[in-house]
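> okay, predicted coordinates and the sequence, questions at the end:
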Amino acid sequence: MDKHQIMAEFCLVCVKLEDAMKYWCQYRVLEPPGISEKSIPIELVVTDHRYSPPNISISHEKTVEVGTNVTIQCCNQGYGGIIFLHKDGHSAPLQHQDPHGGGTATFILVAVTPADSGTYRCSYHPKASLFVSSPLGDSVTLEVTPTPAPPGRCLPPICLPPVPPMGGSVITSLPHGGDAGDEHTQVPVPHRC
């Protein structure tokens, strides 16, 4: 590798279950001789389709208002291990739980906002295989709508021009309310804002 190169790329071709593990990098220098510390490790998780996809359920109807607490349950049909909640469009799981021998995890989305709208799925890592995952299960969709305004809400006040200085007045057209024969009448207009 050229001494000026700062990046190396390693490819795993035709990934197998045996490749599911943690990986890290190091580099060696010749002058002065030495070896770097290990990088922060990354985990390669491999999907094993021999495991059944988990089931998923949601506590509310498809559409909820802002501020609602929504519960999503995932069941891995007794395989144990860690259960993960995923949201479409996010590369990493949102939450995870270890049901401690049980097969059901309960995830709570507290005081949801429109940003929580989307499609959710579950997966699990079997107890005996930390870096092996089940396939993603079926999905549920959540739509969070803004809270509607209360009925009869008043519109914001309208700002009118201020009264001119020195006791002046604003000329306002009054086609039906002026003195007979007058086209315009001077009427003082208060500043209402």
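Ah, there it is.

> and for the longest strand that the chain contains, what are the contacting residues?
Longest strand in the chain by number of residues (criterion: DSSP state E): strand 118-125. Strand 118-125 is contacted by residues 45, 51, 53-56, 58, 72, 74, 76, 79, 81-89, 93, 105, 131-142 when judged by Cβ atoms under 8 Å, 6 or more residues apart in numbering. Every C-beta, even on glycine, is put in place using the N, C-alpha and C of the backbone.

> same thing but at 7 Å, please
54, 56, 72, 74, 76, 79, 81-89, 132-134, 136-137, 139-142 (Cβ atoms under 7 Å, 6 or more residues apart in numbering).

> buried ones among the residues you listed?
54, 56, 72, 74, 76, 79, 81-87, 132-134, 136-137, 140, 142 (16 or more other Cβ atoms under 10 Å).

> G103: what's it in contact with?
C75, N76, Q77, G78, Y79, G80.

> the spatially closest residue to it that is not a sequence neighbour and V132: what is the separation?
Spatially, and ignoring its direct neighbours in sequence, G103 is nearest to G78 (4.6 Å; Cβ to Cβ, 6 or more residues apart in numbering). In this view, G78 and V132 are 16 Å apart by Cβ to Cβ, to the nearest Å.

> average pLDDT across stretch 115-125?
Stretch 115-125 comes out with an average pLDDT of 96.

> re earlier: direction included, what does the longest strand of the chain pair up with?
Strand 118-125 pairs in its sheet with strand 82-87 (antiparallel), strand 140-145 (antiparallel), by DSSP bridges.

> export those strands as CSV, with columns for mean pLDDT and distance to M21.
As requested, the strands paired with strand 118-125 are arranged in CSV below (pLDDT from 0 to 100; distance: least, Cβ to Cβ, whole Å):
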stretch, mean pLDDT, distance to M21
strand 82-87, 96, 16
strand 140-145, 94, 32
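
> got JSON lines for those strands, with distance to P114 too?
As requested, these are exported to JSON lines (distance: least, Cβ to Cβ, whole Å):
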{"stretch": "strand 82-87", "distance to P114": "14"}
{"stretch": "strand 140-145", "distance to P114": "5"}
